[in-house]
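Engineer: Show me the folded form of this:
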Amino acid sequence: MTLMPDSASIPRTLPASAAHPRESPRARAHAAGTSGNGIVRALLIGLSALFLLVMVALPLLAVAAEAFRSGVGTLIEILKEPHVASAFGRTAVTAAIAVPLSIVFGIAAAWSIAKFEWRGKAVLAALIDLPLTVSPVIVGLSLVLLLGARGWLGPTLATVGIDVIFALPGIVLATAFVTVPLVARELIPLMESQSRHEEEAALSLGASGWSTFLRVTLPNIRWGLLYGSVLCAARAIGEFGAVWVVSGHISGQTETVPLLIESLYGEYRFDSAASLAALLVAFTIVSVGIRHALQARELHRRGGHH
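Structural biologist: Sure, this is the predicted structure:
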């Protein structure tokens, strides 16, 4: 009788497929997709960075280099000139009037669009976007045709001694026209994402509409309102096209800082023009930084609440 060897004593060699299981097709596809996504991501980031470098960073660096090529003394000297001080004052007054107007309109428009249902709401939303799509030069021309000496309303205003075109009121109106969508466009999606329950609860408890706005609505939109206000101020100070048309570009009388920069450039005073341009660029960078800091703070606050 032949005894069969114990099966445990027979060495068994497992096939490679059993010792090292192969990855499933789904796992291989996932790995390939992850690798492909990484390549696409790196390509998109590289293209975006290259575009911003060529179109944004290098021109701004050129302005800064030209501004400080002759030292800070050039900036100090140009700021001492009387017409430069008046241009800065005129720009500040324009922004101080146009920004609050845009804030008031933005809140009213966003509230009416986001919180109420009524006919014509889509038309109002489309009109809010109109200043963003129309050339600022056309904006200025339209104001001249409406309020100029030969315009529809210009002669009537002249009879009561009101000068709009080629004066500060025209500059303010042109600036307000181009800045008016900025606050509204920040607030409309924010208000639409919020429910009406808090306002309805406040009204049901006897709060007035004004009290409901101050105690409920305004705290919920304060960060969006700050974002839009910062952008609005930056645009108001830097507006050129519409202001150039309605101001008449009268040196020392209707020039704002952007118009003054263009005048200095036309006089071949490149260092002075670059110095003032560098100031506007610095203000814009600070404004954008403040906006992003406020946005990051709000996101952190929301994350902390969750």
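Engineer: out of all of them, which helix in this structure is the longest?
Structural biologist: In terms of residue count, the longest helix belonging to the chain (DSSP state H) is helix 270-305.
Engineer: Now do the buried residues in it.
Structural biologist: Burial within helix 270-305, assessed by neighbour count using 16 or more other C-beta atoms under 10 Å, is assigned to 271-281, 284, 287, 291, 294. Bear in mind the C-beta positions are built from the backbone N, C-alpha and C, glycine included.
Engineer: mind checking how far stretch 228-237 is from the chain centre?
Structural biologist: Counting by C-alpha atoms, centre = their mean, to the nearest Å, stretch 228-237 is centred 8 Å from the centre of its parent chain.
Engineer: mean confidence for that stretch?
Structural biologist: Taken as a whole, stretch 228-237 has a mean pLDDT of 91.
Engineer: Give the buried residues for that stretch.
Structural biologist: Gly228, Ser229, Val230, Leu231, Cys232, Ala233, Ala234, Arg235, Ala236, Ile237.
Engineer: My read is that the third one contacts Ser287, right?
Structural biologist: Which is Val230. Yes: at 5.1 Å, Val230 and Ser287 qualify as touching, with contact defined as C-beta atoms under 8 Å.
Engineer: closest to Ser263 among the buried residues of stretch 228-237?
Structural biologist: Ile237 (17.0 Å; C-beta to C-beta).
Engineer: Which of the three states applies to the closest one?
Structural biologist: The local conformation at Ile237, judged by DSSP: H, G, I helix; E, B strand; the rest coil, is helix.
Engineer: who's in contact with it?
Structural biologist: Residues near Ile237 by C-beta atoms under 8 Å, 6 or more residues apart in numbering: Thr91, Ala95, Val257, Leu280, Phe283.
Engineer: List just the nearest of these to Ala149.
Structural biologist: Nearest to Ala149 among these: Thr91, at 25.0 Å, using C-beta to C-beta.
Engineer: Enumerate every residue touching the closest one.
Structural biologist: Thr91 neighbours (C-beta under 8 Å, 6+ apart): Ile237, Thr256, Val257, Pro258.
Engineer: related to what we said a few turns ago, in strands, which of the buried residues of stretch 228-237 appear?
Structural biologist: Applying DSSP state E to the buried residues of stretch 228-237, no entry is found in strands.
Engineer: just these now: which is nearest Ile221?
Structural biologist: Nearest member of the buried residues of stretch 228-237 to Ile221, counting by C-beta to C-beta, is Gly228, at 9.6 Å.
Engineer: Could you double-check that that closest one sits in contact with Thr179?
Structural biologist: No: contact criterion C-beta under 8 Å: Gly228 and Thr179 do not qualify, at 9.5 Å.
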